[in-house]
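In: give me coordinates for this.
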Amino acid sequence: MATDRQFTNPNFGTQARVEVVGREVRLIFVASDTRKANALADNMIEQLKAGSINITMMGKPTSVVEE
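Out: Numbers count the residues shown, from 1 in each chain. This is a model prediction of the structure:
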């Protein structure tokens, strides 16, 4: 049975970081490998080009850092 919310990058990583530099806000996910990082980046670019982005993390990350 399909749910109304499909996860495009399940189990992506365990660390998320938010940085504010001047007027920029950077949301950083640390992947377990380069392949997963590239897949997430490609998926996010496709969503942004379509006019919206949906980010939902499955589970609680082991690390959330504010800089």
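
In: could you count how many residues lie near A31?
Out: Other residues near A31 number 17, with proximity taken as other CB atoms under 10 Å. Placement of C-beta: from N, CA and C, glycine included.

In: so what's it closest to, chain neighbours aside?
Out: Among residues not flanking A31 along the chain, A37 sits closest, at 3.9 Å (CB to CB, 6 or more residues apart in numbering).

In: can you classify the one you found by secondary structure?
Out: helix (DSSP: H, G, I helix; E, B strand; the rest coil).

In: I'd say it and M44 touch.
Out: No: with contact defined as CB atoms under 8 Å, A37 and M44 do not form a contacting pair (10.8 Å).

In: what do these two both touch?
Out: Residues within reach of A37 and of M44 at once, by CB atoms under 8 Å, 6 or more residues apart in numbering: there are none.

In: in stretch 18-36, which residues are buried?
Out: F29, A31, K36 (16 or more other CB atoms under 10 Å).

In: any chance of those residues in TSV, with distance to Q15 too?
Out: TSV is the format used below for those (distance: CB to CB, whole Å):
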residue	distance to Q15
F29	7
A31	9
K36	13
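
In: give me the number of residues near the residue nearest to A31?
Out: 15.

In: from V30, how far off is it?
Out: 8 Å (CB to CB, to the nearest Å).

In: quick one, helices of this protein?
Out: 34-50 (DSSP state H).

In: give me the below-cutoff pLDDT ranges for it.
Out: Residues of the chain meeting the criterion pLDDT under 70: 1-13, 57-63, 66-67.
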